[in-house]
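Student: Below: sequence and its predicted model.
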Amino acid sequence: MDERAYAGNEHLDPTYVPGYDRKASTDPTEDVTALVAAGLHATHTLIDLGAGTGTFALAVAPLCRRVIAVDVSPVMLALLQQKVAAQQIANVEGVPGGFLTYQHQGELADFVYSRHALHHLPDFWKALALQRIAAMLKPGGVCYLRDLVFACEPGEIAQVIADWLAGAAAQAADGWTRAELETHIRTEYSTYTWLLEPMIAHAGFQIHHTQRDSPIYATYTCIKKA
């Protein structure tokens, strides 16, 4: 599978990517705090799959030994590298690749982190991606996964999506508009919690903690079984 072809054309667009950080308005504080609570410390290696422009990777870098920021978009990786150079951060490596193509080098990782990236893969490939994540981690290692995942039944999905679209941003520069969210629903691969969670377990993880901020978004802290 060509992951870059499924990444969303906007993420490969040199005119779009420079405004991405403002549009996404991602605050990594909650995720960093959660990883520290899960045991992250200064001797650890963390892989950020779908790192984008590096907001999380740069925020977590002071707290661990090595951060490997992986993304299929060369445009996003270039911006990440600019930030790394500007901030003189020595322990963040930008690596081209994705869930299905990144080849981990060196000792197994202690943590794998991914935010709002797995939904770019259809379910068939999600299952393989989760198994590959497990193979990158030490036994007892942590996979912290945030994504757009529908926590509802098929008969409820129309109302869940209607409510989601009603909260869309009015302007594209300020967030995701209704048209952009509709494109996500039509062309990307957000799945149901009751499909994703068995995939996680089948890949060799125990789901230690689940957080659902709404019927659309879910966060999983997963521990690789010994």
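Tutor: Noted; the coordinates are in hand.
Student: From now on I want contacts and neighbour counts done on CA atoms only, so please keep to that.
Tutor: Will do.
Student: list the helices and strands whichever strand or helix holds Lys83 packs on?
Tutor: Secondary structure from DSSP states H and E places Lys83 in helix 74-87. Packed against helix 74-87 by the contact rule (3 or more C-alpha pairs under 8 Å, 6 or more residues apart in numbering; DSSP states H and E) you find strand 92-96.
Student: Show me what the strand it packs on pairs with in its sheet, parallel or antiparallel.
Tutor: strand 66-71 (parallel) (DSSP bridges).
Student: So what touches the partner strand?
Tutor: 44-52, 54, 57, 61, 77, 91-98, 102 (C-alpha atoms under 8 Å, 6 or more residues apart in numbering).
Student: mean confidence for that strand?
Tutor: Per-residue pLDDT values over strand 66-71 give a mean of 98.
Student: Please tell me how far it is from the chain's geometric centre.
Tutor: 12 Å (C-alpha atoms, centre = their mean, to the nearest Å).
Student: Give the buried residues for the helix or strand bottoming out on mean pLDDT in the chain.
Tutor: Every helix and strand in the chain was compared by mean pLDDT, DSSP states H and E; the lowest is helix 20-24, with a mean of 86. For helix 20-24, a neighbour-count test (16 or more other C-alpha atoms under 10 Å) marks 20, 23 as buried.
Student: what's the answer for stretch 21-38, then?
Tutor: Buried residues in stretch 21-38, counting neighbours by 16+ other C-alpha under 10 Å, are found at 23, 31-32, 35, 38.
Student: go on, stretch 153-167?
Tutor: So for stretch 153-167, counting by 16+ other C-alpha under 10 Å, buried means 157, 160-161, 164-165.
Student: same thing with stretch 47-63?
Tutor: In terms of neighbour count (16+ other C-alpha under 10 Å), stretch 47-63 has its buried residues at 47-58, 60-63.
Student: average model confidence for it?
Tutor: The model assigns stretch 47-63 a mean pLDDT of 97.
Student: Repeat that for stretch 154-169.
Tutor: Model confidence over stretch 154-169, given as mean pLDDT, is 96.
Student: Now do it: everything it contacts.
Tutor: Counting by C-alpha under 8 Å, 6+ apart, 150, 152, 175-178, 181-182, 215-216 sit against stretch 154-169.
Student: Convert stretch 111-127 to PDB, retaining C-alpha atoms only.
Tutor: Extracted C-alpha coordinates of stretch 111-127, given in PDB (Å, rounded to 0.1, in the frame of the first residue of the first chain):
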ATOM      1  CA  PHE A 111       7.000   4.200  23.700                       C
ATOM      2  CA  VAL A 112       5.100   4.600  20.400                       C
ATOM      3  CA  TYR A 113       2.900   7.600  20.100                       C
ATOM      4  CA  SER A 114       0.400   8.400  17.300                       C
ATOM      5  CA  ARG A 115      -2.200  11.100  17.100                       C
ATOM      6  CA  HIS A 116      -4.900  11.400  14.400                       C
ATOM      7  CA  ALA A 117      -2.900   9.400  11.800                       C
ATOM      8  CA  LEU A 118      -4.100   5.700  11.900                       C
ATOM      9  CA  HIS A 119      -7.400   6.700  10.400                       C
ATOM     10  CA  HIS A 120      -5.600   7.200   7.000                       C
ATOM     11  CA  LEU A 121      -5.400   3.400   6.800                       C
ATOM     12  CA  PRO A 122      -8.300   1.100   5.900                       C
ATOM     13  CA  ASP A 123      -9.100  -1.500   8.600                       C
ATOM     14  CA  PHE A 124      -7.200  -4.300   6.800                       C
ATOM     15  CA  TRP A 125      -4.000  -2.200   7.000                       C
ATOM     16  CA  LYS A 126      -4.700  -0.900  10.500                       C
ATOM     17  CA  ALA A 127      -4.400  -4.400  11.800                       C
END
